[in-house]
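Asks: Please find the sequence and the predicted model below.
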Amino acid sequence: MTRIAIVVLFLVAGASALLAAVGVSPWWWFAAVPLTATGLLGAWDLLQRRHSVLRNYPVLGHARFLLERIRPELQQYFIERNFDGRPFDRDVRTIVYERAKGTDAEQPYGTERDVYQPGYEFLVPSMAPCPVPETPPRVRVGGPDCSRPYDMALLNVSAMSFGSLSANAVLALNAGAKAGGFAQDTGEGGLSEYHLRPGGDLIWEIGTGYFGCRTRDGDFDPAEFADKAAHEHVKCVSLKLSQGAKPGIGGVLPGAKVNAEIARVRDVPEGRTVISPPYHRVFDTPRELVRFIARMRDLAGGKPTGFKLCVGSRRQFLAVCKAMLEEGTAPDFIVVDGGEGGTGAAPLEFADHVGAPLTEGLLTVHNALVGTGLRDRIRIGASGKIATGTDLVKRMVQGADYGNAARAMMFAVGCIQAQRCHTNTCPTGVTTQDPRRARALDVRDKAPRVQRFQEATVAGALQLMASMGVTDPADLRPHMLRQRVDPFTERSYEELYEWLEPGQLLAEPPASWAADWKAADPGRFAV
């Protein structure tokens, strides 16, 4: 029987059932409605021209689209193992949820991971462990040009904007930061009342759109910047050059999300899609970048000032280092974002294939600063898939002074990794401007979860360090982290990677750095 005949059969059966429902018994409605609906759906499938599957398989073809729609949920909840989900596996999500709730986060019966798989990494324990410090150490951020240094926690809230996040999510994150004594990066979406109301410490991030400190035509407004940077809760200011999710392109906030409140915070028209350009107007060369960082610090009254980037060209970063040396000034901190991506939605090509992963990015920045003699005055933050104490310790071994977490903090306020952040339909109210959906996120419940997660993760990192015989993160060394390179061989990071000596690039660059160092030009961003 052909598909047309089947559809006709359903339509005839439905019509007959309708007549019976009207003239014989109302019980026939139970057959009439589904038969008629199925027949009409089948007829529509045959007539439409958009989906070939539906034309060939009317009605039944819809099962394909249904399964495709719920595929992520089926994969996440029924198919994937505890340790192989992406971007974050179930083990990581579970430990974040348990620490945020204050419940037991321990695991019995040993690891499920294949410790002989190439790429597996492990920390090196000491035969003489140390006591765990009672008070977590903090990192002093502020170089010689900074008159108001800030003591940064080992783990902070990474850059996420109001607009991308709901008001309740921002409130919960900042209230958690306030209670736990750590900082929240505002993201490039401006300084909103939800960042300021709870009273937590803030790192105010300025992106290419200069939201919250922009002129009518989209340029940087120094007067508005200075006014807002003076706020007591703003402890540092940061210039975003690029982000791991989409290095090299600007951001987009759909017009549907740009309500009156967001428009006011960002200094943009209401209801119109907001596009951040991929480039900055305020500088064109490494020298101009370094000068602008110094200008931002002056406008901010001497508060620590730095920039964030996803590392690309080592040659370009070395050009910035040369500019620092020639200008006689430098940022107080640099946040390295990993090419692994983050909360920002991005084209698949950028998310998967553009930008250095966090390990290589950290090693590049750390070694470049060490080799130019600048490392002592500049602190390095690591941002990219930090969710556990192990993640934090590994990044500090690789050259970071502290870490920032975005997606893990989202888990702490209820995110379930639905990956609908850009659709305004977030099921947990974290990444939406829909009032009904955002209302589901209760600030009084979620703020303590943020605090508990951060405290437990830092405590876990300190416990790991103590087991390695270290109490101060500054004492972590590359030989303390090892990686399996094949089923029979493992090497330490000291062996796997090159580590420069202080001032080595200025004296005698090693052969592997010599060409990039020679070509680095502080007067231009050479490709």
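Replies: Cool, the structure landed. No experiment lies behind these values; they were computed from the predicted model shown.

Asks: who does the longest helix seen in the chain touch, helix- and strand-wise?
Replies: The residue-count maximum for a helix in the chain (DSSP state H) belongs to helix 443-467. Using 3 or more C-beta pairs under 8 Å, 6 or more residues apart in numbering; DSSP states H and E, the elements in contact with helix 443-467 are helix 90-101, strand 155-157, helix 167-180, helix 389-397, helix 407-412. In short, each C-beta sits where N, CA and C put it, glycine included.

Asks: can we see that at 10 Å?
Replies: helix 90-101, strand 121-123, strand 155-157, helix 167-180, helix 389-397, strand 402-405, helix 407-412 (3 or more C-beta pairs under 10 Å, 6 or more residues apart in numbering; DSSP states H and E).

Asks: so which of these comes closest to Gln451?
Replies: Among the helices and strands packed on helix 443-467, the nearest to Gln451 by C-beta to C-beta is helix 167-180 (4.1 Å).

Asks: I'd like the distance from the helix or strand that that closest one is followed by to the chain centre, please.
Replies: Next helix or strand after helix 167-180 toward the C-terminus (DSSP states H and E): strand 183-185. Distance of strand 183-185 from the chain centroid (C-alpha atoms, centre = their mean, to the nearest Å) equals 13 Å.

Asks: what about Gly39, helix or strand, and which?
Replies: Assigned by DSSP H and E, Gly39 falls in helix 29-47.

Asks: now what about that helix, what contacts it?
Replies: 3-4, 6-22, 26, 28, 51, 53-62 (C-beta atoms under 10 Å, 6 or more residues apart in numbering).

Asks: Could you tell me which of those count as buried?
Replies: Neighbour-count burial (16 or more other C-beta atoms under 10 Å) is assigned, among those, to 3, 6-7, 10-11, 13-14, 17-18, 20-21, 28, 54, 57-59, 61.

Asks: Report the contact partners of Val8.
Replies: Counted by C-beta under 10 Å, 6+ apart, Val8 has contacts 1-2, 39, 42-43.

Asks: mind checking the backbone torsions on Pro304?
Replies: phi -60, psi 140 (degrees, to the nearest 10).

Asks: okay, now the residue lying closest to it once chain neighbours are set aside: neighbour count?
Replies: Spatially, and ignoring its direct neighbours in sequence, Pro304 is nearest to Asp332 (3.9 Å; C-beta to C-beta, 6 or more residues apart in numbering). For Asp332, the neighbour count with other C-beta atoms under 10 Å is 25.

Asks: same question, the one 3 residues further on
Replies: Other residues within reach of Val335 by the criterion other C-beta under 10 Å amount to 31.

Asks: And the one 3 residues further on, by the same measure?
Replies: The burial count assigned to Gly338 is 25, neighbours taken as other C-beta under 10 Å.

Asks: distance of the closest residue to Pro269 other than its chain neighbours from Leu476?
Replies: Among residues not flanking Pro269 along the chain, Ala263 sits closest, at 6.2 Å (C-beta to C-beta, 6+ apart). From Ala263 across to Leu476, the span is 45 Å (C-beta to C-beta, to the nearest Å).

Asks: With neighbour numbers in mind, choose between the two.
Replies: Between Ala263 and Leu476, Leu476 has the larger neighbour count (other C-beta under 10 Å), namely 21 against 16.

Asks: show me what contacts the more buried one?
Replies: Taking C-beta under 10 Å, 6+ apart as the test, what Leu476 contacts is 123, 393-400, 465, 468, 470.

Asks: circling back: next, the residue nearest to Pro269: secondary structure please.
Replies: Put simply, Ala263 is helix when judged by DSSP: H, G, I helix; E, B strand; the rest coil.

Asks: Residue ranges in this protein under the pLDDT threshold?
Replies: Applying pLDDT under 70 to the chain flags the ranges 1, 73-75, 77-79, 81-86, 105, 109, 341-346.

Asks: Surely Ala461 and Val397 touch.
Replies: No - using C-beta atoms under 10 Å, Ala461 is not in contact with Val397, being 11.2 Å away.

Asks: what touches both of these two?
Replies: Pro473.

Asks: Quick one: name whatever helix or strand follows the longest helix of the chain.
Replies: strand 481-486.

Asks: Does that following strand pack against any helices or strands, and if so which?
Replies: Checked by 3+ C-beta pairs under 10 Å, 6+ apart, strand 481-486 has strand 121-123, helix 389-397, strand 489-492, helix 493-496 packed alongside it.

Asks: can you give me the offset of that strand from its chain's centre?
Replies: For strand 481-486, the distance to the chain centre is 26 Å (C-alpha atoms, centre = their mean).

Asks: quick one: buried residues of that strand?
Replies: Quick answer for strand 481-486 (16+ other C-beta under 10 Å): 481-484.

Asks: export these to a markdown table and tack on distance to Asp145?
Replies: Below are the buried residues of strand 481-486 laid out as a markdown table (distance: C-beta to C-beta, whole Å):
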| residue | distance to Asp145 |
| --- | --- |
| Leu481 | 33 |
| Arg482 | 38 |
| Gln483 | 38 |
| Arg484 | 43 |
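
Asks: between the residues you listed, which is nearest Pro87?
Replies: Out of the buried residues of strand 481-486, the member with the shortest distance to Pro87 (by C-beta to C-beta) is Gln483, at 20.6 Å.

Asks: before we move on, the earlier item: tell me the one of the contacts of Leu476 nearest Val413?
Replies: Arg395 (22.5 Å).

Asks: quick one: contacts for that closest one?
Replies: By C-beta under 10 Å, 6+ apart, the neighbours of Arg395 are 336, 338, 358-359, 362, 380-386, 401-404, 461, 473, 476, 481.

Asks: then stretch 277-291 to CSV, C-alphas only?
Replies: Extracted as CSV, the C-alpha positions of stretch 277-291 are listed here (Å, rounded to 0.1, in the frame of the first residue of the first chain):
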residue,chain,number,x,y,z
PRO,A,277,33.3,44.2,16.6
PRO,A,278,36.3,41.8,16.5
TYR,A,279,38.8,44.7,16.9
HIS,A,280,39.4,47.6,19.2
ARG,A,281,39.2,51.2,18.2
VAL,A,282,41.5,52.5,20.8
PHE,A,283,44.7,50.9,19.6
ASP,A,284,46.3,49.5,16.4
THR,A,285,49.7,48.4,17.6
PRO,A,286,51.3,46.7,20.6
ARG,A,287,52.6,50.0,21.8
GLU,A,288,49.2,51.6,21.7
LEU,A,289,47.7,48.6,23.6
VAL,A,290,50.3,49.0,26.4
ARG,A,291,49.7,52.7,26.5
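
Asks: In that stretch, which residues are buried?
Replies: Buried, per 16+ other C-beta under 10 Å, within stretch 277-291: 280, 282-283, 285-291.

Asks: Just the buried subset of the contacts of Val8, please.
Replies: Buried among the contacts of Val8 by 16+ other C-beta under 10 Å: 39, 42-43.

Asks: how about the nearest residue to Leu309, chain neighbours excluded?
Replies: Per C-beta to C-beta, 6+ apart, closest to Leu309 is Leu241, 4.2 Å.
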